[in-house]
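Asker: sharing a model prediction with you, sequence too.
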Amino acid sequence: GQQLNQSPQSMFIQEGEDVSMNCTSSSIFNTWLWYKQEPGEGPVLLIALYKAGELTSNGRLTAQFGITRKDSFLNISASIPSDVGIYFCAGQTNNNDMRFGAGTRLTVKP
Amino acid sequence: NAGVMQNPRHLVRRRGQEARLRCSPMKGHSHVYWYRQLPEEGLKFMVYLQKENIIDESGMPKERFSAEFPKEGPSILRIQQVVRGDSAAYFCASSPQGKDSPLHFGNGTRLTVT
């Protein structure tokens, strides 16, 4: 199946810093999505990207769908303590199959 | 406006017993996906179903695991003769019919095999 490589695996940052994480694949996807998971809960959708080159923002979050359709990045600006969690990228194919990256574990120190 | 509902939230089984995990998709959603997550790891795809059909089960172990999504009622993930290695969080997600539909996740069932 499709393999998604997500990096970094974990990040330890100071409150107020910006964060960047990315996902790459050898396969092409029609849709890229970014989810956040907090302890004991299911992943929650943050941003969905539908077109190559698309840049979308949701508050302090910005994500881009790579022009080759094989990669995506997520930026978080001015991080706050509640940004703590695991961030997953996901790629969706033409037939609705979805595959996830291994996650980026974010820790924000106040 | 209920989201994806999974039950039970926590399930404890002894080795050799059966585990049945239930998932009710969001209203109007006809696609259901099951994922498995081990501690400190990502989400591993198991199976993708539409009503009464298994579309992709490439992530399901060949033995002891089965899934269904009947015309009426919730989707069921069934694990027979559970072993300790089956202990994990199992997440269900649903999406509406059609392409380019993001998945909406439930809060998972945490299975512990003793």
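Answerer: That came through, no problem. Residues are numbered from 1 along each chain as shown, chains lettered A, B, ... in the order given.
Asker: report the central residue of chain B.
Answerer: B:Trp34 (3.6 Å; Cα atoms, centre = their mean).
Asker: for the residue in chain A that chain B sits nearest to, grab the count of nearby residues.
Answerer: Relative to chain B, the nearest point of chain A is A:Gly42 (3.5 Å; Cβ to the nearest Cβ). All C-beta spots, glycine's among them, are computed from the backbone N, C-alpha and C. Using other Cβ atoms under 10 Å in any protein chain shown, A:Gly42 is surrounded by 23 other residues.
Asker: could you measure from B:Arg13 over to B:Gly28?
Answerer: Relative to B:Gly28, B:Arg13 is positioned 33 Å away (Cβ to Cβ, to the nearest Å).
Asker: between those two, who's got more neighbours?
Answerer: In this view B:Arg13 and B:Gly28 are compared by other Cβ under 10 Å, and B:Arg13 has more residues nearby, 19 against 8.
Asker: give the bridge partners for the more buried one, please.
Answerer: B:Val113 (DSSP bridges).
Asker: list the contacts of it.
Answerer: Neighbouring residues of B:Arg13 by Cβ atoms under 8 Å, 6 or more residues apart in numbering or on different chains: B:Ala19, B:Val82, B:Leu111, B:Thr112, B:Val113, B:Thr114.
Asker: do you know how far it is from chain A?
Answerer: As for B:Arg13, its distance to chain A is 20 Å (criterion: Cβ to the nearest Cβ, to the nearest Å).
Asker: name the nearest residue to residue 45, ignoring sequence neighbours.
Answerer: With no chain named, the answer covers chain A. Leaving aside its sequence neighbours, A:Leu45 sits nearest to B:Pro102 (Cβ to Cβ, 6 or more residues apart in numbering or on different chains; 5.2 Å).
Asker: could you do chain B instead?
Answerer: Distance criterion Cβ to Cβ, 6+ apart; nearest residue to B:Phe45, sequence neighbours excluded, is B:Gly59 at 4.2 Å.
Asker: direction included, what does the least confident helix or strand in chain A by mean pLDDT pair up with?
Answerer: Lowest by mean pLDDT, DSSP states H and E among the helices and strands of chain A is strand A:98-100, with a mean of 86. Applying DSSP bridges to the sheet, strand A:98-100 is found paired with strand A:85-92 (antiparallel).
Asker: got a list of what A:Thr62 touches?
Answerer: Counting by Cβ under 8 Å, 6+ apart, A:Thr62 touches A:Leu55, A:Thr56, A:Leu74, A:Asn75, A:Ser77.
Asker: that one is in what secondary structure piece?
Answerer: Secondary structure from DSSP states H and E places A:Thr62 in strand A:61-65.
Asker: now the angle between strand A:85-92 and that strand, please.
Answerer: Compare the direction of strand A:61-65 with that of strand A:85-92 by axes from the mean of the first three to the mean of the last three Cα atoms, to 10 degrees and you get 30 degrees.
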